[in-house]
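K.L.:
Quick one, fold the following:
(2 chains)
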Amino acid sequence: MRRREYLGLVSPSLVVMLGLLVFPLYKTVEWSLQRVNYGEPGTFLGLGNYAEALSDPRLGAAVLFTVGLTAAVVAVLLVGGYVLAVLVDSLGRAKPWVLGILLVSYVIPNVVGATMFSWMFDSNFGGIVNHIVSLFTGTEVLWFTDPWPNRLMVALDTVWFMLPFAMLVILAGLQGVPSEIVEAARIDGATGWRVHWHVIVPSIRGVLGFVAIISIMDVLRTYDQLVALSPQAPQIGNESIMLYIFNVAFQDGGQQLGLGSAVNVLLILLIVVLLSPFIRGIAKEARQS
Amino acid sequence: MSTLDTPAPARAAVPETAADPRPRRSRRRGRTLLVGGILLLVCWAMLSPVLWTAMAVTKPTDVAFLDPPVFTYTPTLQAFVDLWQTTQFYKYLLNTVLVAVVSTVVALVLGIPAAYALSRTPGWVSAALLIAALVFRALPRFAVVLPMYDISRALGIYDTTFAVGAALVAINQPFSIWLLRNFFAEIPKELDEAAMLDGCSRWQTLRRVMVPMMGPGILTAGIFMFLFAFQEYLTANILTDVVARTVPVFIATQLGQTLPMLQQAGAAAILLTLPVVAFAFIAQRYLVAGLGAGSVKG
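P.N.:
Numbering: from 1, shown residues only, chains lettered A, B, ... in the order given. You can find the predicted model right below:
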């Protein structure tokens, strides 16, 4: 392809991304070095915002909460997604129906799904889960104000709307496993979970890695569901990193826009590090061709 | 639903050993029943928030959120009527659909040529662009949306559907390019060469040969763009106030208010859910294909 054609095809998209992604991103980096407010020019501060961010115990708590949530949710997604994919894969005529039902939580907007989810739990909304729990244990669980029950509810909701994605990607991976190697393992006497653990799982390693990395990045950016599920998140230590950014940089006029921007930049750096295996893969492909 | 209760027969019949076929067959049958049972439970659990909300919004308001919950009641659609009459739900719904449709179309018009060029030209420039697209796809939203808020105020387009639509076009552009590039990569290059030998220019090749062949791929990308725009809460929340508000933002603002308002939020949630559930069934093939293409080759 000639250079002029290439530019002609790529540039409309590129112009939009430069104007609406790269330029705002540049603003964020600039703000992170300033004391600044919306609509006003800021004053240069150097790395002051970064120092403040790194020494803020509230951000520390937010990081801990976010990382813990990510670890728990991603582990459940990988195991649950795999088991579910294997079960769905064995279906015949019922498969489209089951897939359709499982996709429901994936297509509902997160904030709306989280709202529905919260109504199942808290006694303020006559939650069915709460009702059952108190029937059996005789204690009233405070799903919104008690840190750990709240964490459990947030984690369950996150698994609820992310499981379909994990299941579908793994299902696509399972379809690529050559049936000969499974047959061969069976003939060699491997049964049940051994076939899965020693044969199928290793052969879809790449797919599982993909699910893990995408899920990690998505859960690290948790925000929407907390709006509905954890109205008192800062008080009970269930603030995510993104919610922290929102609270310091936007809520109440955004007095600490510089601080919020610095956290944004730090989060971007973390994500780039997490993505580095994929980036290296693309670079390698380019070098080979 | 009844198809769920009757587990389908195994796809490929494994040759039974002639000596002792009976226990094996019954074991297989037990297994399929077990699988069916587990999946039935999972489906029920996954649907339960929606079903529970559907119950809450069809109860009379005074018992809707009672604790312990009531299970017998006379169903009423009053919450939906109130939603329609006392809030501007139809306007928010219109905003949401408008933003989703327009941003999907624009994202595709911009993304298709770019993805085509990237899939046909290996090399450093394309690799750099793909890496940039990957990083931008994973960006924390606030890193671009907070500056967008500042810019939209400065330009006087804050709280317009235009601003939200433009933001979503840009935010979804990286994903759309990746997905489309993967679909384009499956079309053999010889086809372009043949078309160009016959006298087509690049643009004509793209328009007359590639796009028609890419039909399902473009549809898949479009479905994802639409879904993402439709679901978006964070961007719409930052860039809108009252005029351009979308349904997810509306539902979030109703929380923590009075019980009737809460029930209206539930009604809005159900009204929003029904079409997307229908969508999940109709567009299932494309959703599955898109997730497959985005992963296995991406």
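K.L.:
okay, and for the stretch 151-289 of chain A, where does confidence drop off?
P.N.:
Within the stretch 151-289 of chain A, the stretches with pLDDT under 70 are A:253-254, A:289.
K.L.:
where do the helices sit along it?
P.N.:
Counting by DSSP state H, counting those that start in this stretch, one finds helices in the stretch 151-289 of chain A at the ranges A:179-187, A:192-195, A:201-203, A:205-220, A:224-229, A:233-236, A:241-249, A:257-288.
K.L.:
I'd like to know which of those helices lies nearest to chain B.
P.N.:
When those are compared by C-beta to the nearest C-beta, helix A:257-288 sits nearest chain B, at 3.4 Å. Yep, even glycine has a C-beta here, placed from its N, CA and C like the rest.
K.L.:
Please name the residues that touch B:Phe281.
P.N.:
With contacts defined as C-beta atoms under 8 Å, 6 or more residues apart in numbering or on different chains, B:Phe281 is in contact with A:96, A:100, A:103.
K.L.:
same question, A:Val10
P.N.:
Going by C-beta under 8 Å, 6+ apart, A:Val10 touches B:113-114, B:117-118, B:129.
K.L.:
and if you look at A:Leu87?
P.N.:
Contacts were defined as C-beta under 8 Å, 6+ apart; by that measure A:Leu87 touches B:35, B:38-39, B:42.
K.L.:
thinking again about what came up before, can you add pLDDT, neighbour count and secondary structure and give the contacts of B:Phe281 back as a markdown table?
P.N.:
Written out in a markdown table, the entries for the contacts of B:Phe281 read as follows (pLDDT from 0 to 100; neighbours: other C-beta atoms under 10 Å in any protein chain shown; DSSP: H, G, I helix; E, B strand; the rest coil):
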| residue | pLDDT | neighbour count | secondary structure |
| --- | --- | --- | --- |
| A:Pro96 | 85 | 14 | helix |
| A:Gly100 | 87 | 19 | helix |
| A:Leu103 | 87 | 24 | helix |
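K.L.:
sorry, back to before: any of the contacts of A:Val10 buried? List them.
P.N.:
Burial by neighbour count, judged by 16 or more other C-beta atoms under 10 Å in any protein chain shown, picks out B:113-114, B:117-118, B:129 from the contacts of A:Val10.
K.L.:
Just to be sure, which of the residues you listed are found in helices?
P.N.:
Secondary structure assignment by DSSP state H places B:113-114, B:117-118, B:129 of the buried ones among the contacts of A:Val10 in helices.
K.L.:
so which of the residues you listed are also by chain A?
P.N.:
Under the cut-off given by C-beta under 8 Å from any C-beta of the partner chain, chain A has B:113-114, B:117-118, B:129 from these close to it.
K.L.:
in stretch A:200-220, what counts as buried?
P.N.:
A:200, A:203-204, A:207-208, A:210-211, A:213-220.
K.L.:
again but with stretch A:272-289, I slipped
P.N.:
Counting neighbours by 16+ other C-beta under 10 Å, one finds that the buried residues in stretch A:272-289 are A:275, A:278-279, A:282, A:286.
K.L.:
What are the contacting residues of it?
P.N.:
By C-beta under 8 Å, 6+ apart, stretch A:272-289 touches A:209, A:213, A:216-217, B:122-124, B:126-127, B:130-131, B:134-135, B:138.
K.L.:
who touches the nearest residue to A:Leu267 once chain neighbours are set aside in this structure?
P.N.:
Leaving aside its sequence neighbours, A:Leu267 sits nearest to B:Pro140 (C-beta to C-beta, 6 or more residues apart in numbering or on different chains; 4.8 Å). Taking C-beta under 8 Å, 6+ apart as the criterion, B:Pro140 is in contact with A:221, A:241-242, A:245, A:264, A:267-268, A:271.
K.L.:
just the buried members of these?
P.N.:
Buried residues within the contacts of B:Pro140, counting neighbours by 16+ other C-beta under 10 Å: A:221, A:241-242, A:245, A:264, A:267-268, A:271.
K.L.:
Point out where chain B drops to low pLDDT.
P.N.:
For chain B, counting by pLDDT under 70, the residues that fall below are B:1-25, B:292-298.
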